[in-house]
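K.L.:
Sequence and predicted structure are below.
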Amino acid sequence: MPFNLPNALTWMRILLIPVFVLFYYLPDTWLEHRSVNIAAAAIFLLAAITDWLDGYLARKLNQTSAFGAFLDPVADKLMVAAALILLLQLGRVDAIVALVIIGREIAISALREWMASGGQGKSVAVSVIGKFKTASQMVAILLLLYHEPLGVLDISAIGTWLIYIAAVLTVASMIYYIAQAYSSARKPVD
């Protein structure tokens, strides 16, 4: 396991998960509800930034590794799953949305692993629709964690719309990945 800056940032993202969840379990007398929302959203934003930064630095510093390529998506999925479960518990996201997003992440991870074991891992590479799904999902989760009005903007309503858009894109990207994998699996191996 190579230890470098990109991998350290990925580990930091994983270690931030219990910290951001813990804020919602602090006694009410420690922090007001608004401060909890702000703190959790700030930690989630920091994690999202490190997600982008670790990949950028790995490429820029030529520090890519098989371990980093494995750990980065695991960290992403853990952070998103933790946030969605927390938002579900807080009543800020519907169960079906959380199930669709988390279920897709598990299914596509398994699909990528299966395809990689057959030497066809590149056939389920990240698509444009997957990138839009990720962007809308991350912004939605951030807004739903923040949950406070921002001037005249109803942040909660915007976050809710975005999480539904993310759920639709989640299903669309899953169909795309399954179709790509099916097409690759049907090709004869040279």
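P.N.:
Yep, that arrived.

K.L.:
going forward, measure contacts between C-alpha atoms and count neighbours the same way
P.N.:
Fine.

K.L.:
pLDDT weak spots in this structure?
P.N.:
1-2, 118-126, 185-190 (pLDDT under 70).

K.L.:
For it, just list every one of the helices.
P.N.:
For the chain, helices defined by DSSP state H occupy the ranges 5-22, 33-60, 66-89, 95-117, 128-146, 155-186.

K.L.:
how much does the longest one deviate in direction from helix 128-146?
P.N.:
Angle between the axes of helix 155-186 and helix 128-146 is 150 degrees (criterion: axes from the mean of the first three to the mean of the last three Cα atoms, to 10 degrees).

K.L.:
hang on, the earlier thing: take the helices of the chain and write them to a markdown table, including mean neighbour count.
P.N.:
Shown next, in a markdown table, are the helices of the chain (neighbours: other Cα atoms under 10 Å):
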| stretch | mean neighbour count |
| --- | --- |
| helix 5-22 | 19 |
| helix 33-60 | 18 |
| helix 66-89 | 17 |
| helix 95-117 | 16 |
| helix 128-146 | 20 |
| helix 155-186 | 18 |
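
K.L.:
How far off centre is stretch 21-36?
P.N.:
Distance of stretch 21-36 from the chain centroid (Cα atoms, centre = their mean, to the nearest Å) equals 23 Å.

K.L.:
End to end on that stretch, go ahead and measure it.
P.N.:
Using Cα to Cα, to the nearest Å, the end-to-end distance of stretch 21-36 comes to 10 Å.

K.L.:
neighbouring contacts of it?
P.N.:
Residues outside stretch 21-36 that contact it (Cα atoms under 8 Å, 6 or more residues apart in numbering) are 39-40, 82-83, 86, 148.
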